[in-house]
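Enquirer: Provide a 3D model corresponding to the input given below.
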Amino acid sequence: MVPPKILAAFKRYRIAAFVVGWGLILLVAAMVLKYGFDYGTAVAVWGPIHGALFVVYVILAFDLAYKDRWSPLGTLWVLVAGTIPFVSFIAERQVQRKVLARQRM
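Expert: Now for the predicted structure:
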């Protein structure tokens, strides 16, 4: 059984991981528009939004890591995964398996 405070932190993290994962994909698309088609407005608009979302992701990942007592390496893996397109989805699934099985990251 997952303690309620960890489960609540996990749910917040999952939402953030999903939003940041898709946000990063949109940022890559915006960068393609900027560098491939000389349309820099997309990055100018979406870049700061994604940056703010990523800060929230980092805070929520640290919150879950602290409450669930993750190892420093597990925490680092989740944080780095949030910077690579599509990898945040893989990390989120791994976190889900470990948190629900009460294993340490």
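
Enquirer: The spatially most central residue of the chain and residue 1, how far apart?
Expert: Against the mean C-alpha coordinate of the chain, by Cα atoms, centre = their mean, the closest residue is residue 17 at 3.5 Å. Spatial separation of residue 17 from residue 1 under the definition Cβ to Cβ, to the nearest Å is 23 Å. Placement of C-beta: from N, CA and C, glycine included.

Enquirer: Next: residue 12.
Expert: 19 Å.

Enquirer: All the helices of this protein, residue numbers only.
Expert: With DSSP state H as the definition, the chain shows helices at residue ranges 4-37, 41-68, 72-81, 87-100.

Enquirer: want to try CSV for those, with mean pLDDT as columns?
Expert: Rendered in CSV, the data for the helices of the chain read as follows (pLDDT from 0 to 100):
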stretch, mean pLDDT
helix 4-37, 96
helix 41-68, 96
helix 72-81, 95
helix 87-100, 94
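
Enquirer: Identify the residues contacting residue 13.
Expert: Listed by Cβ atoms under 8 Å, 6 or more residues apart in numbering, the contact set of residue 13 reads 60, 61, 63, 64, 92, 95.

Enquirer: count of residues packed around the last one?
Expert: Residue 95 is flanked by 24 other residues according to other Cβ atoms under 10 Å.

Enquirer: doesn't residue 104 make contact with it?
Expert: No. The pair residue 95 and residue 104 does not pass the contact test of Cβ atoms under 8 Å, sitting 11.3 Å apart.

Enquirer: count of neighbours near residue 69?
Expert: Counted with other Cβ under 10 Å, the neighbours of residue 69 add up to 10.

Enquirer: Which residue, other than its chain neighbours, is closest to it?
Expert: By the measure of Cβ to Cβ, 6 or more residues apart in numbering, the closest residue to residue 69 outside its immediate chain neighbours is residue 104, 6.7 Å from it.

Enquirer: And the one you found, its phi and psi?
Expert: phi -90, psi 140 (degrees, to the nearest 10).
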